[in-house]
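Q: Just the structure for this:
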Amino acid sequence: MSSGKQISTRHPSATVHKLTSSSKKQIIKRKGVKRKVKDLIILVAGTTDPVNSSELKFEASWKYWDDNTEFRKKLAIFSKQYLDLQVFGTVSWSGDNSIYEREEAGKKLARLIKEAYPAWRDTDISMHFVVHSHGGNVLHEATQVIAKDKNFPAKWKIKSILYLSTPFFNKLHQLNKSQFHKDCRIINVYSKYDFTQRVIADFSMVDVTNIISQFTLSCDESKIKKSKGESDSSFNKKIKQCHDKAYLRTSFEEIKNINFDIYTSL
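A: You can find the predicted model right below:
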């Protein structure tokens, strides 16, 4: 939401925000919802500055999603097609590149989800996560909490996860699959130019190695033209930006296709 207002929560380390393009009917309601919820889309932002080089980048805020207007448009169009689809909102946290912060954010994420729809605790609900960067590891920590929480709604299942350049680890932040739907789908979208994913982490996740579908995406440099009088540094910057955004542009289509397949199979 462009004004930066937040939905009130008792857990300051993880906050739910509205998306600008979402209608009021598609936004999370902390007191429950009047209509039945069948599918829930949850967005989790990540660390934007992996080496903590700038304090301005410490916060993994809702702005990551809100600033991606094309993504919001596609999500809004898609969500309006289904009356029983609820957009949970975007879950933001401190974003600090810290194991502790990711663990704490995971705990809060699990609680926020559990408390969101008390009226539908005994209803079958499919959860669809779209996670960016270390937001994926925050989700992994949340799955660990959910697996141990006897009060978490048993009928709420994780039916899809779309990873956007998440750095995976061999031992840290492992994904617990106990709450997975039997038809759960996982897609990992990444860029070979992503420093966070390829260097900071080990780039392997033992727990889901056999179920992740990987998409190697790249930029078509032949379509980038150098303007008359443009400096080499400026031209090279355009190429880099093209590579950096390649995986995200494709992910816009992937989330639509993933959920379309899911809904038609229900």
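Q: so what strands line up beside whichever strand in the chain runs longest?
A: Criterion DSSP state E: the longest strand present in the chain is strand 180-190. Its sheet considered, strand 180-190 pairs with strand 156-164 (parallel), strand 213-216 (parallel) by DSSP bridges.
Q: Output it as CSV, nothing but the C-alphas.
A: Provided in CSV are the C-alpha atoms of strand 180-190 (Å, rounded to 0.1, in the frame of the first residue of the first chain):
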residue,chain,number,x,y,z
PHE,A,180,2.3,-30.4,2.6
HIS,A,181,-0.8,-31.2,0.5
LYS,A,182,-0.4,-34.5,-1.3
ASP,A,183,-0.4,-32.6,-4.6
CYS,A,184,2.0,-29.9,-3.4
ARG,A,185,4.0,-28.2,-6.2
ILE,A,186,7.3,-26.4,-5.7
ILE,A,187,9.1,-24.2,-8.3
ASN,A,188,12.4,-22.6,-7.8
VAL,A,189,13.1,-19.5,-10.0
TYR,A,190,16.6,-18.2,-9.9
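Q: Just the helices from the stretch 1-150 of the chain, written as ranges.
A: 63-66, 69-79, 99-116, 135-148 (DSSP state H, counting those that start in this stretch).
Q: got the buried residues for the third one?
A: If I follow you right, that is helix 99-116. Neighbour counts over helix 99-116 (16 or more other Cβ atoms under 10 Å) mark 101-114, 116 as buried. For every residue, glycine as well, the C-beta is placed using N, CA and C.
Q: from the residues you listed, which is closest to Lys159?
A: Distance to Lys159 across these (Cβ to Cβ) is lowest for Ile113, with 13.7 Å.
Q: show me the contacts for that closest one.
A: Counting by Cβ atoms under 8 Å, 6 or more residues apart in numbering, Ile113 makes contact with 42, 88, 127, 142, 156.
Q: Could you do Lys150 as well?
A: Residues counted as contacts of Lys150 (Cβ under 8 Å, 6+ apart): none.
Q: how close does it sit to Lys225?
A: From Lys150 across to Lys225, the span is 60 Å (Cβ to Cβ, to the nearest Å).
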